[in-house]
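Colleague: okay, sequence plus prediction incoming.
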Amino acid sequence: MNFLNEIAQRFPDAVSFAPGRPFEGFWDTSLVHDYLRRFERYLKEEKGYDDAEVRRVLFQYGRTKGIVHELIVRHLEVDEGISADPESVVVTVGCQEAMFLVLRALRADDRDVVLAVSPGYVGLAGAARLLDMPVLDVVGGPRGVDLDSLTSVVREARARGLRPRACYLVTDFSNPSGVSLDLETRHALLDLAEREDLLLLEDNPYGYFSADGVRLPTLKALDARRRVVYLGSFAKTGLPGARIGYLVADQSVADADGRVGLLADQLSKIKSMLTVNTSPIAQAVIAGKLLAHGCDLYGANEREIVVYRGHLRRLLAGLSRHFPPGGGSGVSWNVPRGGFFLVVNVPFPADDKLLEISARDHGVLWTPMCHFSSDPAAARQIRLSFSLVTEEQIDLGLERFAALVARRIG
Ligand SMILES: Cc1ncc(COP(=O)(O)O)c(C=O)c1O
C-alpha cells in the first residue's frame, strides 16, 4: 500500500479511484467542538457527573474497554437490532486494533490459523502478518462467501493438524469487491460456523451505505449462538480522523488459569499492553456525534448515503457508455448494491507497472486487485473506489481510463 500512497503523491493531478476514504463534502471543524460539548452535557445530565469528574473522564487515562460503550450499545440496538451487553464491547483505536486484538487472542501457538474471504481487506492480512498467523483463503465468489470452499478449507486445515479459529469477512459491500451476502447465505454461514465450531469475524464499515435502500441484518443481529465477533468502525460513518472502532465479543472463554470470562475481557487485557486505552477525547467526539443523532448512524449519514448512491450510478452509467456490452472491449464489471467499491475485469494484466503508466500518461489512479488476492483472475482486475471523487471527476476519470484501455487493447 506504500507504493499506492507514493504514486498518489507523485501524480497529485490524477483523478483517483484508489482510496477507500469517505466523502469530505459535509465536513466542518466546528462539528468537533459541538460533539465534545454534546458529550460533556451527556456526562453531566445523564450520568450525573460534576465538573471535576467530567474533566477526569476527558483528560485522564481511562477505562481500557472504553468510555462510550453504553452509547455504542444504544447505537447497535437502534441501527442494527443487536442487543449487546455493554461489558462485551471494547472500544479500540480504529477497527484495525480490534482485528489485531482478536487475532492475538486466537493465536495460542503455531497451529492456530485464521481464514479470510478472498479477495479481502489488506488490514486483516497485515494484522495477521504481524502475529505470524497464517491466513487461509476462502473463495468469496458472487455470494460473498463460498460455503463449500469454507468447509473444505476448514477440514483440510484440520487434517493437516492446524486449528482454524475464525473466518474473517465483510458482510456488506465488501472491500475490495463490493459484494454482499444475501440473507440465505448469512443464515447458512452461521449454521456452518456452529457445525464446524468456528468463530466468524464480521467487519462492517460499509453496511450503512446501501444504494437501493435494502438493509439486511448483520450476522451479529442473527447470531443466537454467539458465533460472531462483531468488528465496528466509525471511520466511514463518524470520522476517520478520530480513529475509533470497537468490537463486540460476547463469547465465554477460559483464560490460561481455566477461569471462564468474557472474550471481551481477554481482549481488554491484550489492549492494556498495546494501547492502554483508546483516546477519551476521540471517543467523546464520536459519542457526541452519536448523541446528536439519537445514536442513529443511518440518520446521521443520510446525505452521505445519497452522495454514494449518486456516485455509484454515475460510475455504472459511465462504464456502460465507454464499454458497451458486445462492444468488444473485453471490459466488464460487477454491480454492487452499495458501498464504496466495484471491480472491473480488464483483458490485460493490471499491476503496479500499469498503474504507474496510467497515472503518468493518462492521469487516472485505481487499485490493482492483485493487492487483495493471489487468485490469478485478480491479476486482470482493478478496484474502482467511488466514495471520495466528485461526479465530474468520475466522468473525467472514466474518459482517461477508457483511453488507457484503448491503448492496451489497440
Ligand atoms: C474492510 C475494512 N475494515 C476496516 C476498515 C477501517 O478500519 P479503521 O476503523 O481502522 O479505519 C476499513 C477501511 O478502509 C475497511 O475497508
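Modeller: Looks like it arrived, so ask away.

Colleague: now do the contacts for Arg226.
Modeller: Asp250, Gln251, Ser252 (C-beta atoms under 8 Å, 6 or more residues apart in numbering). No exception for glycine: its C-beta is placed from N, CA and C like everyone else's.

Colleague: what values do phi and psi take at the residue in the stretch 301-410 of the chain positioned nearest to the ligand?
Modeller: Ranking the residues of the stretch 301-410 of the chain by distance to the ligand (C-beta to the nearest ligand atom) places Phe340 first, at 7.9 Å. The phi/psi pair for Phe340 (degrees, to the nearest 10) reads phi -120, psi -10.

Colleague: just to revisit the earlier point, now, which of the contacts of Arg226 lie within strands?
Modeller: Residues of the contacts of Arg226 located in strands (DSSP state E): Ser252.

Colleague: returning to what we had before: how far away is the residue of the stretch 301-410 of the chain closest to the ligand from Ser387?
Modeller: 4 Å (C-beta to C-beta, to the nearest Å).

Colleague: need the overlap of contacts for the two.
Modeller: Joint contacts of Phe340 and Ser387 (C-beta under 8 Å, 6+ apart) are Gly20, Lys236, Tyr308.

Colleague: among the residues you listed, which ones are buried?
Modeller: Gly20, Lys236, Tyr308 (16 or more other C-beta atoms under 10 Å).

Colleague: I'd like those as TSV, with secondary structure appended.
Modeller: Converted to TSV, these look like this (DSSP: H, G, I helix; E, B strand; the rest coil):
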residue	secondary structure
Gly20	coil
Lys236	coil
Tyr308	helix
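
Colleague: so among those residues, where is pLDDT lowest?
Modeller: Lowest pLDDT among those: Gly20, with 94.

Colleague: did I read that right, Glu194 in a helix?
Modeller: Yes: counting by three-state DSSP, Glu194 is part of a helix.

Colleague: isn't it right up against Val228?
Modeller: No: counting by C-beta atoms under 8 Å, Glu194 stays clear of Val228, with 10.9 Å between them.

Colleague: between the two, who's got more neighbours?
Modeller: Val228 (26 against 14; other C-beta atoms under 10 Å).

Colleague: list just the nearest of the buried ones among the shared contacts of Phe340 and Ser387 to Cys167.
Modeller: Proximity of these to Cys167 (C-beta to C-beta) peaks at Gly20, which lies at 21.8 Å.

Colleague: mind listing what the closest one touches?
Modeller: Gly20 touches Asn175, Phe340, Phe341, Ser385, Ser387, counting by C-beta under 8 Å, 6+ apart.

Colleague: report the two of those residues separated the most.
Modeller: Asn175 and Ser387 (10.5 Å).

Colleague: pull up the overlap in contacts between those two.
Modeller: Gly20, Phe340.

Colleague: ok, how many other residues are close to Ser139?
Modeller: Not Ser; residue 139 is Val. 17.

Colleague: what does the one 10 residues further on give?
Modeller: For Ser149, the neighbour count with other C-beta under 10 Å is 17.

Colleague: same check on Ala406?
Modeller: 11.

Colleague: start at 12, not 1
Modeller: Will do, 12 is the new start, and the previous item becomes Ala417.

Colleague: secondary structure element holding it?
Modeller: helix 402-420 (DSSP states H and E).

Colleague: run through who's touching that helix.
Modeller: 26-28, 321-322, 325-326, 329-330, 332-334, 340-342, 357-359, 365, 368-369, 372-375, 377, 397, 400.

Colleague: whichever of the residues you listed end up buried, select them in PyMOL.
Modeller: Of the contacts of helix 402-420, the buried ones go into a single PyMOL selection, burial set by 16+ other C-beta under 10 Å:
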select buried, resi 26+27+28+322+325+326+329+330+333+334+340+342+357+365+369+373+374+375+377+397+400
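
Colleague: from the contacts of helix 402-420, list the ones also adjacent to the ligand.
Modeller: Checking those against the ligand by C-beta under 6 Å from any ligand atom, not one of them is in range.

Colleague: pretty sure Val357 contacts Val342?
Modeller: Yes: Val357 is within contact range of Val342, at 5.7 Å (criterion: C-beta under 8 Å).

Colleague: quick one, domains of this protein?
Modeller: 13-31+312-420, 41-306 (automatic domain parsing).

Colleague: pull out the buried positions in the helix holding Ala417.
Modeller: Under 16+ other C-beta under 10 Å, the buried positions of helix 402-420 are 404-416, 419.

Colleague: show me where the stretch 312-421 of the chain dips below the pLDDT cut-off.
Modeller: Within the stretch 312-421 of the chain, no stretch has pLDDT under 70.

Colleague: how about the residues of it near the ligand?
Modeller: Counting by C-beta under 6 Å from any ligand atom, no residue of the stretch 312-421 of the chain is near the ligand.

Colleague: where do the helices of the stretch 312-421 of the chain begin and end?
Modeller: 313-333, 363-368, 402-420 (DSSP state H, counting those that start in this stretch).

Colleague: off-centre distance for the first one?
Modeller: Chain-centre distance of helix 313-333: 20 Å, with C-alpha atoms, centre = their mean, to the nearest Å.

Colleague: what sits up against that helix?
Modeller: 33-34, 36-37, 219-222, 309, 340, 342, 344, 346-347, 349-351, 353, 355, 395, 397-398, 400, 402, 405-406, 409-410, 412-413, 416.
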